[in-house]
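# Compute the structure for the input listed below.
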Amino acid sequence: FIQFLLLTGCRPSEAVGLTWEQIGTESIKFDRSITIVKGKPTPSEKSKTNRIRYFPIYDRLQELLRNCPRQGNLIFGVEQAPIDYLSFGHWWRTRVKTWKDSTPYSCRDTFICEQILAGVPPVVVAKWCDNSVRQIEQRYFKVLPSEFSPK
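Predicted coordinates:
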């Protein structure tokens with residue numbers, strides 16, 4: 001689950017709700033999520049922004065997906081139930097003590113920063129992550145070394 005978040009930059013709610021039918025041969029279709037409402041996992045047939053996006057499947061991601069056990073339609077579920085994100089968040093906080101305010105959502109931040117550092121154009125990263133270029137420049141360029149800031 002964590003590797004998937006780091007390899008795609010998707011929102012944790014999108015990964016929790018990810019099904020095998022969303023996995024194509026060349027891309028992942030992000031078009032739904034599972035969020036916690038009143039303490040219960042609640043599926044939504046929409047993403048956070050109500051947009052459908054496709055994320056390319058590259059070798060490392062394909063290998064990860066190939067090694068995920070098939071236990072029903074959810075990729076990251078147990079016995080047809082989605083990951084309990086609240087419990088997972090607690091698990092995360094007890095183990096990731098290096099960054100005080102880190103959450104599983106931080107994997108998204110890491111992915112975006114890594115892509116920018118690798119030279120991927122912000123417009124491409126924005127498309128992959130369902131974000132705006134402006135948001136990426138405002139939020140992420142300020143934490144990167146100055147040579148990566150927009151000119």
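# which residues sit in contact with the closest residue in space to Phe1 that isn't next to it in sequence?
In space, and not counting its chain neighbours, Phe1 is closest to Phe76: 4.9 Å by C-beta to C-beta, 6 or more residues apart in numbering. (C-beta placed from N, C-alpha, C; glycine too.) Contacts for Phe76 (C-beta atoms under 8 Å, 6 or more residues apart in numbering) come out as Phe1, Phe4, Ala15, Val16, Leu18, Cys68, Pro82, Ile83.
# Show me how to select, in PyMOL, the buried members of these.
Applying 16 or more other C-beta atoms under 10 Å to the contacts of Phe76 leaves a buried subset, and the PyMOL line that selects it is:
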select buried, resi 1+4+15+16+18+82+83
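# Tell me how far the residue nearest to Phe1 lies from Arg139.
26 Å (C-beta to C-beta, to the nearest Å).
# next helix or strand past the strand or helix carrying Leu64?
Taking DSSP states H and E as the definition, Leu64 sits inside helix 59-66. Counting by DSSP H and E, the next helix or strand C-terminal to helix 59-66 is strand 77-78.
# Now do the helix or strand following that following strand: distance to the chain's middle.
Counting by DSSP H and E, the next helix or strand C-terminal to strand 77-78 is strand 81-82. In terms of C-alpha atoms, centre = their mean, to the nearest Å, the centre of strand 81-82 is found 17 Å from the chain centre.
# What are the buried residues along the helix or strand following strand 81-82?
For strand 81-82, the following helix or strand on the C-terminal side (DSSP H and E) is helix 85-95. Residues Tyr85, Phe88, Trp92 are the ones in helix 85-95 that count as buried (16+ other C-beta under 10 Å).
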